[in-house]
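# show me how the following folds:
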Amino acid sequence: MNYSNYTRQILILGIALLLALGSYTAYNDPYWIFRESPPWLEAHKGHNRVLDIRLRHAKAMQLLTRQPEHVILGSSRVYRGFDMNQCDGFNLGLPRLRIAEAEAYVRHLIHFTPVKRLVLGLDYLMFDADETFIAGFDPDLGSRKYVLAAWPASFFTRQAYDDSELAIKSKTRNDGFWHRNGFRFSIGRDQESLEGVYKKFQRHRITKIQYDQLASLLDRLLNAEVDTAIYLSPMSKPHLEFFEESGDLGNFNVWRTTVIGIAREKGIPVHDFSTSSPFSEEDIREESSDHWVDASHFQPMVGDWILGEMGLIPPEL
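You can find the predicted model right below:
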C-alpha cells in the first residue's frame, strides 16, 4: 500500500473516532455544559454522580455557555441554600470552596462572562490555611490556557467518555438532585447523617495570606465594575456551640471582624448573618428541618431570607 494513502486512511480513521467520541459525550453531556435535558436528567431525576465529584470543572464550563449576568458564589452552603427561584442568576456554589479558589472563579467570571452582579457568600471554612485548594481545582482557571485545554477535555478524552458512562449508569443516591441553574435540592437527613456532620467540625487556622486573597478578589471585582455584595453565612446552634466548646470562638470572631473590615474599607456592602440570624437558635439533632439540611447547610427558605435581607429579592410578606 502507498504510504501516503495509508497515512491518509489512518488520519481519517482517527478523526472519525474522535468525532464519534465527541458526539457520544456531547449527547450525554455529563457536565451539563449546553443541553437543556441530557439523557441522565430524566433517567435519574436530576441525580448525576459526575457533578457530585467533578463540580469544579463542570461549573467552570457551564459559565462559558450560560453566560450569566447575576451570580452567587460560595461553598456547598450556597449550592444547597439558594434555588434562585425568585431571582435570575447562576448558583456558583462549590463543595469546600477555598478563598484562593474563589479568587480564580472571579477571574474566570470577569474574563469570560458578562457578569454584572456578584453575591459572595463567605464562611469560616473557606479561609482554612491548612487546605488552600481542593482536588479538582485548576490554578489556570480564568485564563485562555484553561479554556483551550478544558473544551477538548470535556468531549474528546477517556475521562469525558468515562464520565458519560458514569452519568448514565450511576444509581440515584439519597443526597439530592441538581437543577440547571447550579442549585442542588437536598434530601432530608436522618439522625445518623446529622451526627456524621457534627463529627466533621474542626478548628481552622487562618493567616494573613487568606485575607490578602479576599482583598485581591474584591479588587478584581471593583476594577471590573461588578456590583458586589457580601454576606457571612448563618451558623447553626450546634456549630456555634462547637466553636465555644473547642475554644475556637475567639478566632471565629476575629475572622468575622477582619472580613467585615476588609469589605467595608473597599466600600462593598457586607451583611453578617453568622450569629444573628433568626435560625441560629434552632437545634438540629434528629432530622432535617425547614431551615436546616444539617448543622452545616441551610435550606432554600433561609437562602431566600438572606437575599431578602440584602434587598436582592422582595422580602417575604
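# poorly predicted segments of the protein, please.
1-3, 6, 172-174, 314-317 (pLDDT under 70).
# so which residues of the stretch 151-300 of the chain form helices?
158-169, 191-200, 208-223, 237-246, 249-265, 300-309 (DSSP state H, counting those that start in this stretch).
# what's the most buried one of these?
Greatest average neighbour count among the helices of the stretch 151-300 of the chain goes to helix 300-309 (a mean of 20), per mean count of other Cβ atoms under 10 Å. C-beta coordinates here come from the backbone N, C-alpha and C atoms, glycine included.
# for that one, give me every contacting residue.
Contacts made with helix 300-309 from outside it, assessed by Cβ atoms under 8 Å, 6 or more residues apart in numbering, are listed as 81-83, 85-87, 119, 183, 231, 234, 271, 273, 277-279, 290-292, 313-316.
# can you give me how far it is from the chain middle?
17 Å (Cα atoms, centre = their mean, to the nearest Å).
# again, but for stretch 134-153
The gap between where stretch 134-153 is centred and where its chain is centred comes out at 16 Å by Cα atoms, centre = their mean.
# over to stretch 222-232?
Taking mean C-alpha positions (Cα atoms, centre = their mean), stretch 222-232 and its chain are 17 Å apart.
# for it, buried residues please.
Residues A224, V226, T228, A229, I230, Y231, L232 are the ones in stretch 222-232 that count as buried (16 or more other Cβ atoms under 10 Å).
# now the angle between helix 158-169 and the longest helix seen in the chain, please.
The longest helix of the chain (DSSP state H) is helix 3-28. Counting by axes from the mean of the first three to the mean of the last three Cα atoms, to 10 degrees, helix 3-28 lies at 40 degrees to helix 158-169.
# from the contact counts, what lies against helix 3-28?
With contacts defined as 3 or more Cβ pairs under 8 Å, 6 or more residues apart in numbering; DSSP states H and E, the packing partners of helix 3-28 are helix 39-43, helix 158-169.
# out of those, which comes closest to R8?
Ranking the helices and strands packed on helix 3-28 by their distance to R8 (criterion: Cβ to Cβ) puts helix 158-169 first, at 25.6 Å.
# neighbours of the residue nearest to L63 when sequence neighbours are not counted, how many?
Leaving out its chain neighbours, the residue that sits closest to L63 by Cβ to Cβ, 6 or more residues apart in numbering is T113, at 5.5 Å. For T113, the tally of surrounding residues (other Cβ atoms under 10 Å) stands at 17.
# likewise I12?
Neighbour count for I12, taken as other Cβ under 10 Å: 10.
# same check on S296?
Neighbours of S296 (other Cβ under 10 Å): 23.
# how close does the nearest residue in space to it that is not next to it in sequence sit to W305?
Once flanking residues are discounted, S296 sits nearest to V197: 5.3 Å by Cβ to Cβ, 6+ apart. V197 sits 21 Å away from W305, going by Cβ to Cβ, to the nearest Å.
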